[in-house]
Structures are given as C-alpha cells and as structure tokens.
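1. whatever this is, show me its structure:
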Amino acid sequence: MKKVYIKTVGCQMNVLDSEMVIADLKRHGYVVVDTPEQADTVLYNTCSVREHAEEKIYSALGKIRKEKEKDPTKTIGVMGCMAQKDQEIIFKRAPYVDLVVGPGQLHTIPNLLEKVSAGEGRQMSVSLSRKGGSQSVIARSHETFDPLRDPAMRPTPFQAYLRIQIGCDKFCTYCVVPNTRGPEQGRPPEQIISEAKILAEQGCREITLLGQTVNSYKYRHDDATQTDMASLLEQLHPIDGIDRIKFVTNYPKDMTERLLETIRDLPKVSPYLHVPAQSGSDVVLKRMKRGYTVADYMEMFERIERILPEATVSSDFIVGFSGETEEDFQKSIQILERCRFKNSFIFQYSVRPGTKAAERLPDDIPREVKARRNNELLEVQNRIAKEDNLKIVGSTVDVLVEGPSKKSQRSNDPSVMQMTGRTHCDRIVVFDGNLRQAGQFMKVHVDDASSHTLIGRVQTVEVVSIGGLS
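-> Residues are numbered from 1 along each chain as shown. Have a look, this model is predicted:
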C-alpha cells in the first residue's frame, strides 16, 4: 500500500481541495497516514494570502528534508496557491521537492506521482498567467474534479464544503487570489445540486457553499438565462437530508435585497453573513481597490438589519495597509463599533509579491504599529462579542452538535466530555454531553458566555442521531 500524508493550511477552499486530492489518491491505491514520517508521499496544500502562511510551509519543508535524506524514495509535493504563485522558486528554495502543482491541476497529481516514481525527475503542473489566456483549464479541472469526495477528510461526517464558484475578478491591490485561482466562474447549478444530493446521501446535514466572493455567483446558461445566488439557494433548499445551508465569503456590493429576502424566506439557510469590510477609511479602501466606500458598506449593513434583523454578521480587517494613518485606523474601530460584528478576522498587512500593492505602494507602516493596531482592534471586537453573547444568556438555542470540544480532546479524564456545536447564526456553543450526540440537533440552554463561546446545558433532543456514530 502506498502511504500519503497531507498538511493543509489556508482557507476552506484548500480544505475541500485536500479532500478531493485524497479521494483521488485512494482510488489509485493510497492510504492516508497521520505523520509525514510514516508516509511514502508527503503533500503540502498551501496558501499565499499572507506571508506567514508561506513561511509556515517553507519551515515544514525544512523539517521534512531530514526524512528525505534518510529515505530518498520519499516523494514531497507542494500544491495549491503557493505552488501556482512561486512555481520554480519552490524548487530553488527546497531542491528536494519532487512536484509543484497549482490549484487548477490537482487532478494531475496521481499521474505526476507515477512519473516521479518512474524516475522522470521533478514534475510541475501550473496554469499559465491570465495574460497567457489559458485560465479556462482551471474551470474544467474543477468542474470534473469536484464531485470526487472523501468523507473521511471532513472535519465531521455531517458537515461538508461545496464549491459553487472558482476564481475572483475583484483584483484588490493586496490580494494574490485572482492570479493563483484564475478568473471568477460559477459552476453549473445542475452540478452543484447533484453534488449536494450526494452529500445528503452520505449523511451531511449542513453544507457550506464556497466562493471567493460567493454571493457574486452567476451561471449563464446556453439559452441566455442566468442562475444567481438567490436562485441557487432556492434550488438547494428542498433537498431532503440537508438541514442547514451556509455560504462564505461575501462581497459587500453584491449583497442584494433579493438575496437577503431569499435568505429570510428559506428556513434552512443560516442567517449568518461573513462580509469583509477590510477598513473603515474610504482613503484606505480606495488604495486597496475594494470597489466600495464606507457609505456603501453601511448601506448594505442597514439593508441586512432591515430585512434580516436576526442575522449575525462577521468581518475581516487589514491593519497597517500602505499609508494607513492613525485617523484611518480609528475609522476602522468606528465601523466595528457601529456594526458590532459577531467576530472579525484581523490581519496585519503583509506585502504579497505579484500584487499591485507590491508594485506600486510602499509598505510604510512599522511592524510594531501594525501589531499595536491589530491588538487594539481585536480588543474592541472581543469586548463587543462578549457583550452581545451575554445578552443570549438565559435563552435556549438550537445547536448542531459537531463533536468533542478542544478542551475534551486535551483531557485525559474519560468522565469529562464537553461537546461543541453551532447555532443557526454560527455562534459556538459548548456543553457537557457525550459522543452519541454528535450529528444531532439539540436545544441548549445558555448559562454563561465569553467573547467566542456560549456555555450551556442540553434541554431536549430534537432529531435522532446519524446511524453509525457513537
């Protein structure tokens, strides 16, 4: 048996890509192992959005080098966005790497591994640049590759990601995604519906639709009609077995009234919206080429409040972007205070080679200033989240139980079994329970709360557990 180990960093897209690659390799006789030392093939699925993610991979490659020296037959591969961006640079920095594969060519990995084993040397399969005009290859690869799934690679057996869109055409000045994942293209709705039905048959109760700007989803049919995000949700909603539908990540300008009304009218669709703001300053947003103003964002936010008053909204912020003044930063605090996001992912700006910001804008904010702004914004977010979570104390929430919490996973006491799950609005809930509850919808009474977690106790079981879980 050929043994493979895979390490995944980055976004949900990468998690799904790894699931598909492993499914494909299993069809070619591979088994998955838990450590790189056990493996004949070691794969790293990479991210290029931030420098830290890339350095994490190069650090891992440095550690695996010793294993390669012990066993020269061990095959090492780098796949994903960093592979697409760096290409030959990876071979130069880590000459013991055997293959480099971009996100649009993941279906070629079994064949490339065979070539490496046959002594044909290093292998590389990446897309040409947008200027080369070959990005349609990416779309075809994903359309034929997506339905190939491996449930064992999912975080839980009853939750799955479903890609509805690939690529991005927004071209924010700081972002490499349009270059690493190609132009924005929606998958055919019939493929998406078919895949969702397969996931339901496999026991999935919750699907999360994925796209770089998922609410921008559009598919133009041969008869000139078009399926948009709202129409797609309407087609997914009736599928038996699927009880929750989520989608990430959203673009502010495409959060239409029709989409919000569709979410309101479809009970299975979670009233949870992740809509990055990135900055509260119009000057910074323009420099980022985000395509909207603070007023645009607030108009969208007030539309959400009007149509979906029960919705929770989360966001992303970048601090320390080129030219960001203290006044610009304070405006980010102001928009966070006004919108009171459920949570925010806050990042310090790092230059990404190949982006417009790297070419044209100086990285002129000192590292210590970036760190301070990061901590200040995070402190405000945590305060707001705790205040809003404490308002839920005393109420009862519906929770899809995911499994043991991290606390239970770290405990050596078999009597301690803290379970975790999420509400319809994506709030994390922990409670004392047991493994048989995984996969159930349960009512949990909330007794306490922190910035990130609701703490409660089980009231009643609403839905029987999925067969086979114990």
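2. same question for stretch 298-308: list its buried residues.
-> Buried residues in stretch 298-308, defined by neighbour count with 16 or more other CB atoms under 10 Å: 298, 300-301, 304, 307-308. C-beta coordinates here come from the backbone N, C-alpha and C atoms, glycine included.
3. with stretch 169-180 instead?
-> 170, 172-180.
4. likewise stretch 423-442?
-> 423-431, 433, 437-442.
5. what does stretch 277-288 give?
-> Buried, per 16+ other CB under 10 Å, within stretch 277-288: 277-282, 284-285, 287-288.
6. okay if I get those as CSV plus secondary structure, pLDDT and distance to residue 234?
-> Output for these, formatted as CSV (DSSP: H, G, I helix; E, B strand; the rest coil; pLDDT from 0 to 100; distance: CB to CB, whole Å):
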residue, secondary structure, pLDDT, distance to residue 234
277, coil, 98, 28
278, strand, 98, 30
279, coil, 98, 34
280, coil, 98, 34
281, coil, 98, 37
282, helix, 98, 36
284, helix, 98, 37
285, helix, 98, 32
287, helix, 98, 38
288, helix, 98, 33
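7. skip the chain neighbours and tell me the closest residue to residue 201.
-> Nearest-residue entry for residue 201: residue 241, 7.2 Å, with adjacent residues in sequence omitted and distances by CB to CB, 6 or more residues apart in numbering.
8. do residue 2 as well
-> residue 30 (4.7 Å).
9. verify the stated contact: that neighbour with residue 5.
-> No - counting by CB atoms under 8 Å, residue 30 stays clear of residue 5, with 10.2 Å between them.
10. now for the two: what residues contact both?
-> Residues touching both residue 30 and residue 5 by CB atoms under 8 Å, 6 or more residues apart in numbering: residue 41.
11. buried ones in the helix or strand encompassing residue 357, by neighbour count?
-> Per DSSP states H and E: residue 357 is located in helix 356-360. For helix 356-360, the neighbour count (16+ other CB under 10 Å) marks 356-357 as buried.
12. so which of the buried residues of stretch 169-180 are in strands?
-> Of these, none are assigned to strands by DSSP state E.
13. and those residues as TSV, adding pLDDT and distance to residue 394?
-> Formatted as TSV, the buried residues of stretch 169-180 follow (pLDDT from 0 to 100; distance: CB to CB, whole Å):
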residue	pLDDT	distance to residue 394
170	94	42
172	97	42
173	98	46
174	97	43
175	95	42
176	92	46
177	92	42
178	91	47
179	89	50
180	89	47
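14. can I get those residues in TSV with distance to residue 363?
-> Output for the buried residues of stretch 169-180, formatted as TSV (distance: CB to CB, whole Å):
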residue	distance to residue 363
170	21
172	16
173	12
174	10
175	15
176	15
177	19
178	20
179	19
180	20
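15. cross these against helices and list the overlap.
-> Among the buried residues of stretch 169-180, DSSP state H puts 177-180 in helices.
16. and for residue 221, the neighbour number?
-> Residue 221: 11 surrounding residues under other CB atoms under 10 Å.
17. if you drop the residues flanking it in sequence, what lies closest to it?
-> In this structure, residue 221 finds its nearest non-sequential neighbour in residue 227, 7.1 Å apart by CB to CB, 6+ apart.
18. in its sheet, what does the helix or strand hosting the one you found sit against?
-> In the assignment (DSSP H and E), residue 227 maps to strand 226-228. As defined by DSSP bridges, the strand partners of strand 226-228 come to strand 218-220 (antiparallel).
19. need the helix or strand of the chain with the lowest average pLDDT.
-> helix 136-145 (a mean of 46; mean pLDDT, DSSP states H and E).
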